[in-house]
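Asker: A predicted structure for the sequence below; I have some questions about it.
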Protein chains: 2
Amino acid sequence: MSTEQSRRTPPTLEEVAAAAGVSRSTVSRVVNGSSRVSPEVLASVTAAIDDLRYIPNRAARSLANRQTMAIALVVPEETTRFFGDPYFASIVHGITRVLEPSDYVLTLQLASPSGPSEKTVRYLLGGNVDGALVVSHHSGDEFLSRLSNSMPVVFGGRPLGNQRDRYFVDVDNVAAAAMGTRYLIDLGRTRIASISGAPDMPAGIDRADGWLRSMKEAGLATDLLAHGDFSMASGARCMRELLDRAPDLDAVFVASDLMAAGAVSVLRERRRTIPADVAVVGFDDSPAATSGEVELTTVHQPSVEMGEAMAHMLLGLLRGEEQERVNIMQTRMVVRASA
Amino acid sequence: MSTEQSRRTPPTLEEVAAAAGVSRSTVSRVVNGSSRVSPEVLASVTAAIDDLRYIPNRAARSLANRQTMAIALVVPEETTRFFGDPYFASIVHGITRVLEPSDYVLTLQLASPSGPSEKTVRYLLGGNVDGALVVSHHSGDEFLSRLSNSMPVVFGGRPLGNQRDRYFVDVDNVAAAAMGTRYLIDLGRTRIASISGAPDMPAGIDRADGWLRSMKEAGLATDLLAHGDFSMASGARCMRELLDRAPDLDAVFVASDLMAAGAVSVLRERRRTIPADVAVVGFDDSPAATSGEVELTTVHQPSVEMGEAMAHMLLGLLRGEEQERVNIMQTRMVVRASA
DNA sequence: TTGTAGGCGTTATCAG
DNA sequence: CTGATAACGCCTACAA
């Protein structure tokens, strides 16, 4: 028996037409579900299609009607971070959930935080996708902002820079972080530190601002701020730094659950009991909040729903419908064991 | 100022040709780097290309030369598992690393373990990709196996079912698991349990076999086997079950680090010290091995390199080169704190 | 070295 | 309701 694999060229519209004894146009109508076709013709064409296992060629279709039926998922992050943070998993989950029943497919574009590669740019601009979903956005890549000039784009999280004409779904990070911090204040804590996220991302900046706001309102010292980058390792590093600087701290507001997990392990390593000695509040309410050593009290943001909202927004745009440019979703405290 | 975004149709070969005062063929030659073109013409064409910001239309190109320059990454897993297990992150990391400098783009197809959706099938068979990379494979989806009849396909992990003509990269899971188990035996442990992976996946089956083999060779009882599914939750569940059944167990070989992390948290919850009371050996040596409560001693498999190997194999196939059908990579013990 | 012409598989516009 | 007949943007013999 031969190990060669026979690969025949797939059947075309033309062949189906011949088999069914009609014209290409008619087959095309059937394939695209046009109502204007007689029952018997429809039957014979359908039979021919099944028979030949005909599947329309996308390239040809795209060329003819200028639609690719593909959506780009642009991720301006290193692979490790993208896969390492459950927050992204939730977003993507939401996106795929709404795209699944649609006719669109998702293509993955892993870019780097500093900006997409030449190849990615060409891909995005080369008419390969009808629209794009950008999850996470760092300052410094103007390209993604300009991308909106070429096709509908929806951002996950407020994009940096010029925001008019930008579509995005987000939460009110300042208010949410202020809420998380206030929770600690209401607990009676007074030496409250914070570990912030990447300083080149809106979520990083805004959550730090929220902490600052609540601290000031309560008349508490705002010296204990350490800058992380949303990774677990950075959470651990910042916690060490803060503990060294202020052994007396009694609480910490952390801008992501993943960083909080890192912080928690350092706290335990340093023999602080949680929450008695140090109370910890995280952010996201991602799986990372409940899979660590201590169940995290955290600020919940509806990540899956945010992914769904992004996809819905883009689908609407693709249908040519008017859309609200901004969708700010609700957050809430989820109280568990860490505070 | 209008909020409408002006989207002009992108320039075509034709327009570039007009701008440069040559024919379409000549521009095509320049774009595709043909040597047969005079320096001055090349210069003017290049100028026109830059000038108009010309980017070739992929659909048209695909239609003309029957190549899409796209590769499908097929993931027969639920989104949560795909994103939840760092093992996949490493594989994808390796894949993207070698595809990055190539001309191919990656499209993501999240299927379900029981088989891809109608849409995914049509996508894969509709001439949208030149080849496919399948990471993880469950029994029950014959489609993926048949996919090899339509295009080059490389599997991550030995595919189930008929394997001739199948290309894949893997490790020797039986031998690797036997090694991990033997390590525990050599430590002097005698009541060694095992938590296996999904029973419908080769990796799940083979690693259980490896444990069995070493146990039998050592003349130890093989009654302590619990069936997990590679998730952390299942690791915890199995550990509880095993502990209930055999409170005297003194070691456990777990088929993945993520499950081992789940097992570890249960062991600590039950006041077993690790490794004194119970030694734990994991599998993968993924980030999950070092990000938990206890640094895991584990069987290392070169996940990133496996991803790279998969991509290289597929690229070779796409170039029409002969390839070894099977690439079995090396594993080794990595000793840390858990055993 | 360069241009001409035909074709890739579909859709869309018109007649009939 | 159905069938020609042009596009769609690019590649590739083939001819000049």
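Answerer: That came in fine, so what should we check first? Numbers count the residues shown, from 1 in each chain, chains lettered A, B, ... in the order given.
Asker: for stretch A:183-197, measure first residue to last.
Answerer: This stretch, stretch A:183-197, spans 19 Å end to end (CA to CA, to the nearest Å).
Asker: next one: stretch A:281-297
Answerer: End-to-end distance for stretch A:281-297, by CA to CA: 5 Å.
Asker: check stretch A:325-339 too.
Answerer: Counting by CA to CA, you get 36 Å between the two ends of stretch A:325-339.
Asker: buried residues in it, which are they?
Answerer: Neighbour-count burial for stretch A:325-339, with 16 or more other CB atoms under 10 Å in any protein chain shown as criterion, is recorded at A:Asn327, A:Thr331, A:Met333, A:Val334, A:Arg336, A:Ser338, A:Ala339. The way it works is simple: take the backbone N, C-alpha and C, and place the C-beta from them, glycine included.
Asker: ok, the second one - contacts?
Answerer: By that I understand A:Thr331. Listed by CB atoms under 8 Å, 6 or more residues apart in numbering or on different chains, the contact partners of A:Thr331 are A:Val171, A:Asp172, A:Ala175, A:Ala176, A:Met179, A:Val299, A:His300, A:Gln301, A:Pro302.
Asker: ok, now the fourth one?
Answerer: Applying CB under 8 Å, 6+ apart, one finds that A:Val334 lies in contact with A:Asp285, A:Ala289, A:Thr297, A:Thr298, A:Val299, A:His300.
Asker: likewise for the third one?
Answerer: Taking CB under 8 Å, 6+ apart as the contact definition, A:Met333 lies against A:Met179, A:Gly180, A:Tyr183, A:Thr297, A:Thr298, A:Val299, A:His300.
Asker: and it, helix, strand or coil?
Answerer: Assigned with DSSP: H, G, I helix; E, B strand; the rest coil, A:Met333 falls in the strand class.
Asker: quick one: secondary structure of the residue in the stretch 201-339 of chain A that DNA strand C sits nearest to?
Answerer: Nearest to DNA strand C in the stretch 201-339 of chain A, going by CB to the nearest atom of the strand, is A:Gly320, at a distance of 13.8 Å. Counting by three-state DSSP, the backbone at A:Gly320 sits in coil.
Asker: what number of residues lie near it?
Answerer: Neighbours of A:Gly320 under the rule other CB atoms under 10 Å in any protein chain shown: 7.
Asker: quick check, pLDDT for it.
Answerer: Note for A:Gly320: predicted pLDDT of 87.
Asker: next: A:Ser2.
Answerer: At A:Ser2, the model reports a pLDDT of 34.
Asker: got it, and A:Gly316?
Answerer: pLDDT, A:Gly316: 95.
Asker: tell me which element it is part of?
Answerer: Using DSSP states H and E, A:Gly316 sits in helix A:303-318.
Asker: ranges for the helices of the stretch 51-200 of chain A?
Answerer: Assigned by DSSP state H, counting those that start in this stretch, the helices in the stretch 51-200 of chain A fall at A:58-65, A:79-84, A:86-99, A:118-125, A:142-147, A:173-186.
Asker: need those helices in CSV (columns: mean neighbour count, mean pLDDT and distance to DNA strand D).
Answerer: Putting the helices of the stretch 51-200 of chain A into CSV (neighbours: other CB atoms under 10 Å in any protein chain shown; pLDDT from 0 to 100; distance: least, CB to the nearest atom of the strand, whole Å) gives the following:
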stretch, mean neighbour count, mean pLDDT, distance to DNA strand D
helix A:58-65, 18, 90, 4
helix A:79-84, 20, 85, 30
helix A:86-99, 23, 92, 26
helix A:118-125, 18, 83, 11
helix A:142-147, 18, 80, 19
helix A:173-186, 22, 98, 42
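Asker: about what we covered before: same list (the contacts of A:Thr331) but as TSV, adding distance to A:Leu267.
Answerer: Output for these, formatted as TSV (distance: CB to CB, whole Å):
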residue	distance to A:Leu267
A:Val171	27
A:Asp172	28
A:Ala175	27
A:Ala176	23
A:Met179	22
A:Val299	19
A:His300	22
A:Gln301	24
A:Pro302	28
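Asker: returning to that earlier point: just the buried residues of stretch A:325-339 now: which is nearest B:Asp206?
Answerer: Within the buried residues of stretch A:325-339, proximity to B:Asp206 (CB to CB) peaks at A:Arg336, which comes in at 38.4 Å.
Asker: who's in contact with the closest residue in space to that closest one that isn't next to it in sequence?
Answerer: Distance criterion CB to CB, 6 or more residues apart in numbering or on different chains; nearest residue to A:Arg336, sequence neighbours excluded, is A:Glu295 at 4.0 Å. By CB under 8 Å, 6+ apart, the contact set of A:Glu295 is A:Ala289, A:Arg336, A:Ala337, A:Ser338.
Asker: in chain A, what helix or strand scores lowest on average pLDDT?
Answerer: helix A:142-147 (a mean of 80; mean pLDDT, DSSP states H and E).
Asker: tell me what that one is packed against?
Answerer: strand A:131-135 (3 or more CB pairs under 8 Å, 6 or more residues apart in numbering or on different chains; DSSP states H and E).
Asker: how far is the strand it packs on from where the chain is centred?
Answerer: Going by CA atoms, centre = their mean, to the nearest Å, the spacing between the C-alpha centre of strand A:131-135 and its chain's C-alpha centre is 9 Å.
Asker: that one close to chain B?
Answerer: No. Strand A:131-135 lies out of reach of chain B by CB under 8 Å from any CB of the partner chain, never closer than 11.5 Å.
Asker: stretch A:150-170 near DNA strand D anywhere?
Answerer: No. Applying CB under 7 Å from any atom of the strand, one finds stretch A:150-170 separated from DNA strand D by no less than 14.1 Å.
Asker: buried residues, that stretch. List them.
Answerer: Result for stretch A:150-170 [16+ other CB under 10 Å]: buried residues A:150-160, A:166-170.
Asker: point out the least confident one among the residues you listed.
Answerer: For the buried residues of stretch A:150-170, the weakest pLDDT value sits at A:Leu160, with 82.
Asker: what are the neighbouring residues in contact with that one?
Answerer: A:Leu160 sits in contact with A:His137, A:His138, A:Ser139, A:Ser145, A:Asp200, A:Met201, A:Pro202, where contact means CB under 8 Å, 6+ apart.
Asker: tell me the spacing between the third one and A:Pro116.
Answerer: If you measure A:Ser139 against A:Pro116 using CB to CB, to the nearest Å, the figure is 15 Å.
Asker: which one's more surrounded, those two?
Answerer: A:Pro116 (21 against 16).
Asker: how about that one, what does it touch?
Answerer: Applying CB under 8 Å, 6+ apart, we find A:Pro116 in contact with A:Val74, A:Pro76, A:Gln109, A:Leu124, A:Asp141, A:Phe143, A:Leu144.
Asker: and A:Thr46, by the same measure?
Answerer: Applying CB under 8 Å, 6+ apart, the residues near A:Thr46 are A:Val30.
Asker: part of a helix, is it?
Answerer: Yes. Using three-state DSSP, the assignment for A:Thr46 is a helix.
Asker: and the gap between it and DNA strand D?
Answerer: 12 Å (CB to the nearest atom of the strand, to the nearest Å).
Asker: same question for A:Pro116.
Answerer: 20 Å.
Asker: rank the contacts of A:Leu160 by pLDDT and give me only the lowest.
Answerer: Model confidence across the contacts of A:Leu160 bottoms out at A:Ser145, which has 75.
Asker: so what's it closest to, chain neighbours aside?
Answerer: Leaving out its chain neighbours, the residue that sits closest to A:Ser145 by CB to CB, 6+ apart is A:Gly161, at 5.3 Å.
Asker: pLDDT score for the one you found?
Answerer: With respect to pLDDT, A:Gly161 scores 77.
Asker: nice, that's everything, thank you.
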